[in-house]
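In: Give me a model of this one.
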Amino acid sequence: MKPNTTLSSMLAIDEQARKFIAGHRVARLATSDAVGAPHAIPICYAFDGSRIYSALDLKPKQVEGRRLKRVRNIEANPRVSLVIDDYSEDWSALAYVLVQGAAEVLNNGYERDRAEEMLRQKYPQYDELLERGCTVLKIIPTSVTMWGRV
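Out: Got it, this is the predicted structure:
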């Protein structure tokens, strides 16, 4: 199957892609460090129709949140990719949205506060696993590609 849509502006994300992104609960975030070494992890996220947010929550981690590889990578190289997908044994039902963009770390401010509230509304687990005032990662899409049955 070939990609069926490519969009080049965060403001141009079409409704079909917005619904797919908003309707899913998990994505895979790919970052890379200053020399290009890749790092990919699953994340929970919230989407406001133009930007994607993910919190550094209290799930067990090997290092303190600000020392996480994804955070260090974003600080060294803000270019990221995010994949939101549907897998099925029926391969005619496969689908994904690939978001390319720029990420930044939000430690305070109105946008961080709003993102935290969106994340809390989407994930009830955050009542116990999200510290008030947590660090939030913001992804500003620069291109979006849809493939399959989006």
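In: Need the nearest residue in space to residue 76, chain neighbours excluded.
Out: Spatially, and ignoring its direct neighbours in sequence, residue 76 is nearest to residue 34 (4.1 Å; C-beta to C-beta, 6 or more residues apart in numbering). C-betas here are computed from N, CA, C, even on glycine.
In: count of residues packed around that neighbour?
Out: Residues lying near residue 34 (other C-beta atoms under 10 Å) number 10.
In: Residue 48 too?
Out: 14.
In: For the residue lying closest to it once chain neighbours are set aside, which three-state class applies?
Out: Leaving aside its chain neighbours, residue 48 sits nearest to residue 118 (6.6 Å; criterion: C-beta to C-beta, 6+ apart). Secondary structure assignment for residue 118 (DSSP: H, G, I helix; E, B strand; the rest coil): helix.
In: State the distance from the spatially most distant residue from the centre of the chain to residue 149.
Out: Most distant from the centre of the chain: residue 90, at 26.1 Å, with distances by C-alpha atoms, centre = their mean. Distance of residue 90 to residue 149, given as C-beta to C-beta, to the nearest Å: 10 Å.
In: What of residue 98?
Out: From residue 98 to residue 149 the distance is 15 Å (C-beta to C-beta).
In: cool, and residue 27?
Out: For residue 27, the distance to residue 149 - C-beta to C-beta - is 17 Å.
In: Identify the residue nearest residue 80 in space, chain neighbours excluded?
Out: residue 103 (4.5 Å).
In: ok, which stretches of the chain are helices?
Out: 15-22, 69-76, 110-122, 126-129 (DSSP state H).
In: Tabulate those (TSV), appending mean pLDDT.
Out: As requested, the helices of the chain are exported to TSV (pLDDT from 0 to 100):
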stretch	mean pLDDT
helix 15-22	96
helix 69-76	94
helix 110-122	96
helix 126-129	86
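In: Local confidence estimate at residue 8?
Out: Listed pLDDT for residue 8 reads 40.
In: Apologies, that question was intended for residue 34.
Out: pLDDT at residue 34 comes out at 93.
In: Pretty sure it sits against residue 74.
Out: No - applying C-beta atoms under 8 Å as the test, residue 34 and residue 74 come out as separate, 11.1 Å apart.
In: pLDDT below threshold where in the chain?
Out: 1-11, 58-66 (pLDDT under 70).
In: what about 90?
Out: 1-12, 57-68, 126-133, 149-150 (pLDDT under 90).
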